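J.: Sequence and predicted model, in that order:
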Amino acid sequence: MIIATYNINGVNGHLPVLLRWLEQTAPDVVCLQELKAPQEKFPEQAIKEVGYNAIWHGQKSWNGVAILARGMDIEEVGRGLAGDEEDVQSRYIEAMVNGIHISCLYLPNGNPAPGPKFDYKLNWFKRFSARAAELLASGKPVVLTGDYNVIPAELDVYKPERWVDDALFRPESREAFHNLIGQGWTDAIRKLYPTQTVYTFYDYFRNAYGRDAGLRIDHFLLTPDLTGRLLAAGVDREVRGWEKTSDHCPVWIQLAD
DNA sequence: ATGCCGTGGAAACCACGA
């Protein structure tokens, strides 16, 4: 079973790339972030025509998350994170698919830091970590995947010294990520590639993709039982080189059935 | 050192992203 995550950066603007990638690689489950579409403008029909059921939580202009499944039912568990009644941003959705709990997240960017956006990021992270602890305690197989907007370590950025004051790499963000891992989750990509650079995002400018000047910010966190089923993982790096593409690459894991 | 590019929405610029 292959589960993928892809920050599409505009599900309508980049729909041809999404459909082409779905048809070429046919992952079983796909988590999307940054739909940038209101609920009623999600391209449900086009996605259905390439074989996928979908649930989504849209929002006008920004954010937006979705879970897709090829030929399988998607049982929505919830949308939105508990802990802040005033948070109206569409950044989180959960579902059961094929016996696995899937959490799809788009963690706030947080720049500029310090400031209210950084505070929102850290608070969101705290709420997410509380939810993660609940899920871990449930004993179910769980995948927490999406755009975390966190560079976990120096190995995960082409020039760490340039990112020390950035919300993606500041100590508070890295600490929150490592504390989350410390609950008992496994970072699937880092587990399979313990010493290699693996990037999932490249800026549109400065020829970042051509220079391989990237970041690793899209992650898969797995419960222990799923870690035992982890067969392979990777980044569909070539998709970042397509015309009219997102600034993120699709990332995927393969689990034993 | 830097949104240099790109999307979406509104309005021929702005907010936002990482």
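T.: Looks like it came in fine.

J.: The stretch 151-257 of chain A: helices as residue ranges?
T.: A:171-182, A:188-192, A:208-211, A:224-228 (DSSP state H, counting those that start in this stretch).

J.: could you redo these as JSON lines and give each row mean pLDDT, mean neighbour count and distance to DNA strand B?
T.: To be clear about C-beta, it is placed using only N, CA and C from the backbone, and glycine gets the same treatment. As requested, those are exported to JSON lines (pLDDT from 0 to 100; neighbours: other Cβ atoms under 10 Å; distance: least, Cβ to the nearest atom of the strand, whole Å):
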{"stretch": "helix A:171-182", "mean pLDDT": "98", "mean neighbour count": "16", "distance to DNA strand B": "11"}
{"stretch": "helix A:188-192", "mean pLDDT": "98", "mean neighbour count": "20", "distance to DNA strand B": "16"}
{"stretch": "helix A:208-211", "mean pLDDT": "95", "mean neighbour count": "14", "distance to DNA strand B": "9"}
{"stretch": "helix A:224-228", "mean pLDDT": "98", "mean neighbour count": "15", "distance to DNA strand B": "26"}
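
J.: hey, where'd the strands end up in the stretch 51-200 of chain A?
T.: Listed in chain order, the strands found in the stretch 51-200 of chain A under DSSP state E, counting those that start in this stretch are A:52-57, A:65-70, A:75-79, A:92-97, A:100-106, A:142-147, A:186-187.

J.: re the thing from before, can you say which of the helices of the stretch 151-257 of chain A is nearest to A:Pro16?
T.: Between A:Pro16 and those, the shortest separation by Cβ to Cβ is 18.4 Å, and it involves helix A:208-211.
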